[in-house]
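# One predicted model, sequence on top.
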Amino acid sequence: MQPPRSLLRTTLISALGGVFEFYDFVIFAVFAPQIGAAFFPPEAGESAQTLEAFLVFAVGYLARPIGGLLWAHIADRHGRAYVFSHTVLGMAAATLSIALLPGYATIGGAAPALLVLLRLLQGMTLGGELPASLCWLAEHAGERRSGVATATLMAGVNTGMLLGQLVAAAITLALGEAAAFAWGWRLAFVLGSSVGATAWFVRRQVGETAEFERLRARGVERVPLRTLLRTEPANALRAAALCTVHAWVVATLYLALPTFLHSHGDLSLARAERVALLCAALGSVLFPCAGWIADRVGAARVCRIVLALLALAAVPLYLWFPTHGVLPLALLGGIGALFIGAYLALLPRLFSPAVRSSGLALGYDGAFALIGGLGPFAMLWLAERHGPVSVGIALASIATLALLALPRARVE
């Protein structure tokens, strides 16, 4: 376990990289109309171009489990620090390549094909980044301080999403809508790649965790994923159940909240976007608070209480949403943020050191590939067919399953 000052530096390095790696990942969605117009045939029409851009955006989510497991194999065999430093470089390279990629008007059908390839690279890189960072940071912090450290990392990741929206607004304000649409969006990708390269330079100075060094001295597993599935399948399922709650909260109460509020809450899209921005910002504040509490009273205990609260409150709050406005969903997003901040301290401790990165990648990236990609669609489909309360039923069900999956004795 590191001394407090060293741990603070380690946590800030990790969080800063998380800010810009997730920023690089999500600005694709923020600029989807511009990217669609740049890389897809104009005769398809603006709506079709934007839809095609969002399909390419989804490719990144599908690539996350593949990249996560590949990088986790490296992390479990060769060290967490190596992966921790190199994933941010891969994201920076892919993001800069998108910024410089010629459009459809210049290279024709090669433009969307190369865009898909670069998006795959972004997804595979992000799939390795978050599990490796969680593993590296939790092992450096030790059990008594891993809550606030890993929650600060996730606050950085969440802040990357907010930063993408702010940079988009600043580019439009500075250049005007026409120039921002035609070429200004590329500046956001250049900014992300340059800061990502800086983060790589800082990260490559960090050392390996003491826990992995002890593991390497004993001998690492030849195929960590195979060992994980043979010896710790129950813990892999527990991790997937817990990560599913995280993914559902992010997908439905942060990312897709503006569309839901606009469609079912009679809010203008501009106001709905501001409400979602505030909810996400609140999450960045609540994550470290919940992690701090988890360090003091036990991560599993906090998770148990918050999951029970989610399971009990989800349906009533969605029932109250049509008559009480955005407040019930903001409250629900706050409860979800408390869970996210607390469970991150628990997640790495579910697995033994020899397979920890592989276990985190399987649970975290698998949940986000499925729920991150399909969660917004599932939420909007349920609300359209069965009303907003059905979305509350879905959240209550997911929270109940995660509550049942929590370990009873091994991790506290």
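Alright, I've got the coordinates.

# Point out where the stretch 151-300 of the chain drops to low pLDDT.
269 (pLDDT under 70).

# so where do the helices sit in it?
For the stretch 151-300 of the chain, the helices defined by DSSP state H, counting those that start in this stretch occupy 177-179, 185-203, 210-218, 224-231, 233-250, 257-264, 269-297, 299-324.

# Between the ones you listed, which one is closest to Val355.
helix 224-231 (4.0 Å; Cβ to Cβ). Heads up, the C-betas are built off the backbone N, CA and C, glycines and all.

# List the buried residues for stretch 222-235?
For stretch 222-235, the neighbour count (16 or more other Cβ atoms under 10 Å) marks Pro224, Leu225, Thr227, Leu228, Glu232, Asn235 as buried.

# now swap in stretch 268-276 and tell me
Neighbour-count burial for stretch 268-276, counted by 16+ other Cβ under 10 Å, picks out Ala272, Glu273, Val275, Ala276.

# cool, stretch 143-161 as well?
Quick answer for stretch 143-161 (16+ other Cβ under 10 Å): 143, 145-161.

# Repeat that for stretch 312-329.
Ala313, Ala314, Val315, Leu317, Tyr318, Trp320, Phe321, Val326, Pro328, Leu329.

# Check whether the fourth one really touches Pro328, as I assumed.
Yes - here Leu317 lies in contact with Pro328, judged by Cβ atoms under 8 Å, at a distance of 3.9 Å.

# tell me, what's touching the two both at once?
Contact criterion Cβ atoms under 8 Å, 6 or more residues apart in numbering; no residue bridges Leu317 and Pro328 by contacting each.

# if we can go back for a sec, could I get the buried residues of stretch 268-276 as TSV with distance to Thr244?
TSV is the format used below for those (distance: Cβ to Cβ, whole Å):
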residue	distance to Thr244
Ala272	25
Glu273	26
Val275	25
Ala276	21
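
# from those, which single one is nearest Ser14?
Ala276 (25.8 Å).

# residue contacts, that closest one?
So Ala276 contacts Tyr254, Leu255, Leu257, Pro258, Leu261 (Cβ under 8 Å, 6+ apart).

# can we see that at 10 Å?
Contacts for Ala276 (Cβ atoms under 10 Å, 6 or more residues apart in numbering) come out as 165, 253-261, 326, 329-330, 333.

# and if you look at Trp292?
With Cβ under 10 Å, 6+ apart, Trp292 has these contacts: Arg145, Gly147, Val148, Ala151, Thr152, Gly341, Ala342, Ala345.

# which one in those residues is the model shakiest on?
Of all the contacts of Trp292, Arg145 carries the smallest pLDDT score, 82.
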